[in-house]
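Sharing a model that was predicted from the sequence below.
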Amino acid sequence: MKLVSLNISNTKIGVSLFDGILLKNYNVILLNEYILERHLNEIYTKLEQVIKDTKCDIVVMKMIDLSKNGKDKLFLEGQVRGVIKLLCERNGVIYQEFKTEGYFKKLTSGKNTLTKKVSLLKKNNINIVIDKNNDLNDTTILVDSILLGEGVAMGKLQISE
């Protein structure tokens, strides 16, 4: 079973491809549009290409943490997830969201930091370099995408409600 794990910010999408439990590929997709309708269309178009290229069976994302996000951000997050769900439905791909906070803390011994996550990946021969000059860099987007995909592929995460 091929699994694509997504981690989305306003300007980037972290994408990780797993074939069974093996990490096959990972990448960051840049988003250039800022007007809402164009932004959603760009997400749809770029992720549709990912689904066609990877021939994946399932797309997974982190569940929204309602306690950490403001109402204005939830509106946009909801629309983005709606577009991704529509894309998956049209392409016959399963879409699921997972709670990750507890899992990430368990992996990093309670210290859910980027440095801990990157060192964890390095132990598994996945070399990602941290760019300290960039607040929302490719590393942050990729690391969470890879760890989410790994957790799902290994059966360590439960499906959200």
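Good, I have the coordinates. Bear in mind that the values here come from a model prediction, so they are computed numbers and not experimental data. Numbering: from 1, shown residues only.

any idea how far residue 125 is from residue 23?
Distance, residue 125 to residue 23, using CB to CB, to the nearest Å: 10 Å. To be clear about C-beta, it is placed using only N, CA and C from the backbone, and glycine gets the same treatment.

Which of the two has more residues huddled nearby?
residue 23 (19 against 7; other CB atoms under 10 Å).

Quick check: closest non-adjacent residue to residue 111.
Among residues not flanking residue 111 along the chain, residue 105 sits closest, at 7.9 Å (CB to CB, 6 or more residues apart in numbering).

neighbouring strands for the helix or strand where residue 7 lies, and are they parallel or not?
Assigned by DSSP states H and E, residue 7 belongs to strand 2-8. With DSSP bridges as the test, strand 2-8 is paired with strand 12-19 (antiparallel), strand 58-62 (parallel).

Packing partners of the helix or strand where the residue nearest to residue 111 lies?
Residue 105 is part of helix 101-107, with elements assigned from DSSP H and E. When contacts are defined as 3 or more CB pairs under 8 Å, 6 or more residues apart in numbering; DSSP states H and E, helix 101-107 sits against helix 114-123, helix 138-153.

Could I get the ones you listed in CSV, plus columns for mean pLDDT?
Listed next are the helices and strands packed on helix 101-107 as CSV, based on pLDDT from 0 to 100:
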stretch, mean pLDDT
helix 114-123, 79
helix 138-153, 87
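
out of the ones you listed, nearest to residue 36?
helix 138-153 (20.7 Å; CB to CB).

and the closest one, how far from the chain's centre?
Distance of helix 138-153 from its chain centroid, counting by CA atoms, centre = their mean, to the nearest Å, is 6 Å.

and what of stretch 75-82?
14 Å.

For residue 122, give me its contacts.
For residue 122, the contact set (CB atoms under 8 Å, 6 or more residues apart in numbering) comprises residue 128.

and the helices and strands packed on helix 101-107, which is most packed in?
Mean neighbours per residue, mean count of other CB atoms under 10 Å, is largest over these for helix 138-153, with a mean of 23.

Give me the residues contacting the helix or strand where residue 83 lies.
Here residue 83 sits within helix 71-90, counting by DSSP H and E. When contacts are defined by CB under 8 Å, 6+ apart, helix 71-90 is touched by residues 6, 8, 10, 36, 40, 43-44, 47-48, 51, 59, 61, 64, 66, 69, 93-95, 97.

among the residues you listed, which ones are buried?
6, 8, 40, 43-44, 47, 51, 59, 61, 64, 93, 95, 97 (16 or more other CB atoms under 10 Å).
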